[in-house]
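Student: Need coordinates for the below:
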Amino acid sequence: MNRRILMTAGMILAMLPLTASAQEMTLNLGLVGGTNAPEVIAMGQFADEVKEKTSGRIEVRVQPGGALGGDREVIEGLLLGTIDMTTSSSSVVANFDPGLKVLDIPFLFRDFDHADAVLNGPIGDKMLADLPSHGLVGLAFGGMGFRQLTNSVRPVKSVEDVKGLKIRTQQNDMHIKVWSALGVLPTPMAIPEVYTALQQGVVDGQENPVGAIVNNRFGEVQKYLSMTNHAFTPLVVLIAPATWGQLSEADKAVFTEAAKNAMTRNRQEAEASIDSGLKTLEGQGVTVIKDVDTASFRAGLDPLFADFAAEFGADQLAAIRDTK
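Tutor: Numbering: from 1, shown residues only. The predicted model follows:
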C-alpha cells in the first residue's frame, strides 16, 4: 500500500474531533457493480435505512458502475477522505490489510452458511476490529458468493484444461499465486477494464460469482462458464475514517445496524442470482459446464496449502474450517 496514503489517513484520524453532533450530511458511496448487482441493491437498502432512521438528516448517494473509480481507487479515496463509503471485495481490501488475504484461500469455505458463520462470528469481528490500524473502518461483512471460471477458448472440465489460458484476476497477489500454480497466465486488472479486455482478446477469460458475470455483461464476450466454485468472495462495508469521525455515537449505531441488514439482503440477492444468472448466460449462448472435476483443482494447489498454513497459521485455518 502507498505509504503516503496511509500517512494521510493517519493524519485524518488524528485530526478528527473527539465528539460529533447530529448534523445534516450527504455522503457518496462508490461501487463498481452495475445497477442490478446484489451489493448495489443491498447498499440501496442501506441508504434508505440510514435516511429513515436519521429522519432524513443523512443522505447516502449510491454511485454504482465504477462512477467513482475501480475498487482500489475507491478505497484509496476513503483513505484520503475524498470518498465516504464503499462495499468492496475482501480480496481488494487485503491490499491494504494483509490479514484479510486468508479469506482468499481456495476451497476454504464449504457453502454460504459456513462463510456466514465465519464472517459474522468472532473471526470476522476480529478482522473488522483490526481494520482501523490500517486506516479503514469496517462496518460489516457479506459475500458475493462462489467464484466460477469463464473463457472463450475451450470448455474447462478439469485443471488440465486451464493450462496456458490468460485469465483476468483481481489485483491481489494471492489470486495471482494461485492461478500461476495451476498453469494459468494471470492478468490482474480492475473490473471496469475487463469487458473490453475480453472483447479484444487481451485475456481469454475471467473468474467471478455468477451474479457479477451477468451484471458486468461478460456473457456477451465469453463462450464457456465452468462451475469451479474455487473460492468464496467476501464483501466488506467500509467507511472513510474522516466520515466515521463526524458521526455521533447514535448515528454510528444506525450505520452499523444498517450495514449488517444490507449484507443480509446481499446474501439473499447473491444466492437468488445464481440460477437466474445461469439461465441468462445460457440464453446469451454461453455453454455452462457443471460437471467440473474440482478435485483436480484442489490437487493442483496441494503444494500451496503448506505455504498458506505457514503464512496464516495452521490454527487460524483450522478455526475457519471448523466453524459451524
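
Student: quick one, strands of this structure?
Tutor: Taking DSSP state E, the strands of the chain run over residues 25-30, 58-63, 85-89, 137-151, 166-169, 185-188, 205-209, 224-226, 232-239, 287-289.

Student: Point out the most buried one among those.
Tutor: strand 85-89 (a mean of 28; mean count of other Cβ atoms under 10 Å). Bear in mind the C-beta positions are built from the backbone N, C-alpha and C, glycine included.

Student: now it and strand 25-30, what's the angle there?
Tutor: Relative orientation of strand 85-89 versus strand 25-30 (axes from the mean of the first three to the mean of the last three Cα atoms, to 10 degrees): 20 degrees.

Student: Partner strands of strand 85-89, with direction?
Tutor: Looking at strand 85-89 with DSSP bridges, its partner strands are strand 25-30 (parallel), strand 232-239 (antiparallel).

Student: hmm, back to that, residue 317: which of the strands of the chain is closest?
Tutor: Comparison of the strands of the chain against residue 317 by Cβ to Cβ identifies strand 232-239 as nearest, at 14.3 Å.

Student: Would you pull up how far the closest one lies from the middle of the chain?
Tutor: 5 Å (Cα atoms, centre = their mean, to the nearest Å).

Student: With distance to residue 289 and mean pLDDT added, can I get the strands paired with strand 85-89 in JSON lines?
Tutor: What follows is the strands paired with strand 85-89, written out as JSON lines (distance: least, Cβ to Cβ, whole Å; pLDDT from 0 to 100):
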{"stretch": "strand 25-30", "distance to residue 289": "34", "mean pLDDT": "98"}
{"stretch": "strand 232-239", "distance to residue 289": "20", "mean pLDDT": "98"}
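
Student: Those: which one's closest to residue 136?
Tutor: When the strands paired with strand 85-89 are ranked by proximity to residue 136, the top entry is strand 232-239, at 5.6 Å, counting by Cβ to Cβ.

Student: Residue ranges in this structure under the pLDDT threshold?
Tutor: 1-22 (pLDDT under 70).

Student: Regarding it, what is its longest helix?
Tutor: Longest helix in the chain by number of residues (criterion: DSSP state H): helix 249-283.

Student: List the buried residues in that one.
Tutor: Neighbour-count burial for helix 249-283 flags 251-252, 254-260, 262-263, 265-267, 269-270, 273-274, 277-278, 280-281 (criterion: 16 or more other Cβ atoms under 10 Å).

Student: Number of residues surrounding the closest residue to residue 297 other than its chain neighbours?
Tutor: Nearest non-adjacent residue to residue 297, counting by Cβ to Cβ, 6 or more residues apart in numbering: residue 159, 5.0 Å away. Residue 159 has 22 neighbours, counted by other Cβ atoms under 10 Å.

Student: doesn't residue 182 make contact with residue 159?
Tutor: Yes: shown here, residue 159 and residue 182 form a contact pair, counting by Cβ atoms under 8 Å, at 5.8 Å.

Student: Need the residues touching each of those two.
Tutor: Listed as contacting both residue 159 and residue 182 by Cβ atoms under 8 Å, 6 or more residues apart in numbering are 297, 300.

Student: mind listing the helices in the chain by residue range?
Tutor: Using DSSP H, the helices of the chain run over 3-15, 38-53, 71-80, 90-93, 112-119, 122-130, 173-181, 194-199, 210-215, 241-245, 249-283, 294-300, 302-312, 314-322.

Student: Which strands or helices does the fifth one pack on?
Tutor: Contact partners of helix 112-119 among helices and strands, from 3 or more Cβ pairs under 8 Å, 6 or more residues apart in numbering; DSSP states H and E: strand 137-151, strand 232-239, helix 249-283.

Student: in it, what's buried?
Tutor: 114-119.

Student: any idea how far the residue nearest to residue 298 when sequence neighbours are not counted is from residue 133?
Tutor: Once flanking residues are discounted, residue 298 sits nearest to residue 107: 5.7 Å by Cβ to Cβ, 6+ apart. Distance, residue 107 to residue 133, by Cβ to Cβ, to the nearest Å: 29 Å.

Student: The two: which is more packed in?
Tutor: Between residue 107 and residue 133, counting by other Cβ under 10 Å, residue 107 is the more crowded of the two (18 against 10).

Student: In contact with the more buried one, which residues?
Tutor: Here residue 107 is in contact with 230-231, 294, 297-298, 301 (Cβ under 8 Å, 6+ apart).

Student: in terms of contact, does residue 46 touch residue 260 like I think?
Tutor: No: between residue 46 and residue 260 there is no contact under Cβ under 8 Å: 9.6 Å.

Student: Over to the closest residue to residue 219 other than its chain neighbours: give its phi and psi.
Tutor: Leaving aside its sequence neighbours, residue 219 sits nearest to residue 284 (Cβ to Cβ, 6+ apart; 4.0 Å). Taking degrees, to the nearest 10, you get phi -90, psi 0 for the backbone angles of residue 284.

Student: that older thread, the longest helix of the chain - contacts with which helices or strands?
Tutor: Under the contact definition 3+ Cβ pairs under 8 Å, 6+ apart, helix 249-283 sits against helix 38-53, helix 112-119, strand 137-151, strand 205-209, helix 210-215, strand 232-239, strand 287-289.
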